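Visitor: Structure, please.
(one chain, ligands or ions: 1)
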Amino acid sequence: MSANASPTGQTPTVTPAPVRNDAVRESAFLKACRREPVPHTPVWFMRQAGRSLPEYRKVREGIAMLDSCMRPDLVTEITLQPVRRHHVDAAIYFSDIVVPLKAIGIDLDIKPGIGPVVEQPVRTRADLARLRDLTPEDVSYVTEAIGMLTRELGSTPLIGFAGAPFTLASYLIEGGPSRTYENAKAMMYGDPELWADLLDRLADITAAFLKVQIEAGASAVQLFDSWAGALAPADYRRSVLASSTKVFDAVAGYGVPRIHFGVGTGELLKPMSEAGADVVGADWRVPLDEAARRVGPGKAIQGNLDPTVLFAGREAVETKAQEVLDSAAGLEGHIFNLGHGVMPNTDADALTRLVEYVHTRTAR
Ligand SMILES: Cc1c2[nH]c(c1CCC(=O)O)Cc1[nH]c(c(CCC(=O)O)c1C)Cc1[nH]c(c(CCC(=O)O)c1C)Cc1[nH]c(c(C)c1CCC(=O)O)C2
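Guide: So this is what the prediction gives:
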């Protein structure tokens with residue numbers, strides 16, 4: 001099967017979304033996604049909007065995480081903060097991977113310092129019935145916020161995102177964050193039919209959520225399969241790949257770049273790349289030239305500075321950032337990022353200096 005073939009043989013019926021303007025289309029970020037020559041290596045950071053920024057902590061004061069995601073004014077402000085401060089090459093829409101689940105009525109919350117917690121975990125076929133389809137009306141605040149954002153962003157592209165079916169399933173089944181994923185894996189190994197149906201449902205919800213963002217004006221989308229690294233490649237292929245492929249197929253027709261990322265997925269880069277994304281992210285455990293070999297030709301690579309390096313002082317940051325740039329030197333299409341999200345205690349100035357370093361060192 002070719003990397004972009006649909007497992008169902010269906011071709012998406014959507015028409016390409018118009019790119020907001022020529023400047024966005026010609027931005028370094030979108031060029032790198034398309035593997036075209038760039039004026040400099042584009043940079044953005046996963047979790048660039050968030051607790052590392054004092055201005056974020058200020059506007060979020062007294063407002064719960066999920067409530068903030070439903071307020072277009074706040075979403076717009078928080079999404080713009082890292083663009084203003086760090087001069088990153090792309091904005092990422094401020095939200096969370098559990099927002100579409102909340103929007104279809106799943107009783108969940110994001111607990112500070114813990115993460116998503118689901119009141120009644122999804123563990124049986126009866127539980128599956130609680131996962132209804134997502135309609136654009138369920139997330140009208142997303143459409144509204146992206147409309148506001150794209151007016152403010154000018155030539156800076158906006159990345160929409162969603163959680164991949166496996167990572168969403170891990171929260172739904174475990175009821176919260178897990179180190180072992182014992183309940184999720186118990187379903188995957190013990191009741192493969194229920195597992196497949198659950199991931200397929202989540203694929204539809206995720207695809208619907210990405211479509212809303214693209215139709216509202218997102219210029220690229222990233223699918224976070226953050227916890228897929230917990231799986232062996234054979235299990236990923238057997239039990240996860242089809243659902244992520246379904247998501248990428250569903251949005252292929254828009255022509256916006258699709259990015260795929262997970263943590264600790266060095267051994268999964270090949271099967272993950274088969275799900276169909278245009279750009280594959282790698283964490284810091286695999287050098288980018290090796291990541292590109294595993295991913296195969298025809299895809300851009302994103303990554304992969306260890307986020308903890310930012311605690312080590314300017315010289316170490318530059319040395320390690322240069323190592324990333326050197327390992328990416330032979331690639332067609334590199335987007336500089338961290339190997340996972342910005343950690344909350346990161347010095348914001350260290351991030352600003354890192355963007356400047358990458359831009360200066362790669363200016364052509
Ligand atoms: C696994 C995952 C989640 N959420 C997300 C993922 C995939 C990325 C990854 O692997 O890190 C994705 C996410 N969550 C958030 C964003 C915002 C956009 C950006 O990247 O700047 C993005 C892209 C905001 C957020 N999502 C969350 C915060 C922190 C809550 C707060 O600021 O009050 C933010 C800014 C909460 C959250 N939500 C989740 C976790 C693990 C946490 C952290 C819990 C904590 O440490 O408090 C689930």
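Visitor: Does stretch 252-261 reach the ligand?
Guide: No - Stretch 252-261 lies out of reach of the ligand by C-beta under 6 Å from any ligand atom, never closer than 7.8 Å. Any C-beta I mention is one placed from the backbone N, CA and C, and that applies to glycine too.
Visitor: tell me which element Asn183 falls in.
Guide: Element membership for Asn183 (DSSP states H and E) is helix 182-190.
Visitor: Any idea which residue of the stretch 151-300 of the chain lies closest to the ligand?
Guide: Going by C-beta to the nearest ligand atom, the ligand is nearest to Ser226 of the stretch 151-300 of the chain, at 3.2 Å.
Visitor: I'd like to know how many residues surround that residue.
Guide: Burial of Ser226 is recorded as 21 neighbouring residues (other C-beta atoms under 10 Å).
Visitor: can I assume it sits in a strand?
Guide: No - counting by DSSP: H, G, I helix; E, B strand; the rest coil, one finds Ser226 to be coil, located in no strand.
Visitor: For Pro271, see how far away it is.
Guide: Using C-beta to C-beta, to the nearest Å, Ser226 is found at 16 Å from Pro271.
Visitor: about what we covered before: quick one: contacts for the residue of the stretch 151-300 of the chain closest to the ligand?
Guide: Residues near Ser226 by C-beta atoms under 8 Å, 6 or more residues apart in numbering: 97, 163, 167, 261-263, 340.
Visitor: And for Pro157?
Guide: Listed by C-beta under 8 Å, 6+ apart, the contact set of Pro157 reads 24, 27, 29-30, 89-91, 219-220.
Visitor: now, the most widely separated pair of those residues?
Guide: Greatest spatial distance in the contacts of Pro157: Leu30 and Ala91, 12.7 Å, computed using C-beta to C-beta.
Visitor: For the stretch 1-150 of the chain, list the residues in contact with the ligand, please.
Guide: Near the ligand, when you scan the stretch 1-150 of the chain using C-beta under 6 Å from any ligand atom, you find 46-51, 60, 65, 92, 94, 96-97, 110, 112-116.
Visitor: Kindly recompute the last result at 5 Å.
Guide: 47-50, 65, 92, 96-97, 110, 113, 115 (C-beta under 5 Å from any ligand atom).
Visitor: With the stretch 151-300 of the chain instead?
Guide: 224, 226.
Visitor: Nearest to Asp289 among the contacts of Ser226?
Guide: Looking across the contacts of Ser226 and measuring by C-beta to C-beta, the closest to Asp289 is Phe261, at 18.1 Å.
Visitor: That closest one and Gln222 touch, don't they?
Guide: Yes - assessed by C-beta atoms under 8 Å, Phe261 is found in contact with Gln222 at 6.1 Å.
Visitor: Show me the longest helix that occurs in the protein.
Guide: helix 192-216 (DSSP state H).
Visitor: what inclination does that one have with respect to helix 182-190?
Guide: 110 degrees (axes from the mean of the first three to the mean of the last three C-alpha atoms, to 10 degrees).
Visitor: gap between helix 192-216 and the chain center?
Guide: 15 Å (C-alpha atoms, centre = their mean, to the nearest Å).
Visitor: Mind checking the pLDDT average for it?
Guide: For helix 192-216, the mean per-residue pLDDT is 98.
Visitor: same check, this time on stretch 316-331
Guide: The average pLDDT within stretch 316-331 is 98.
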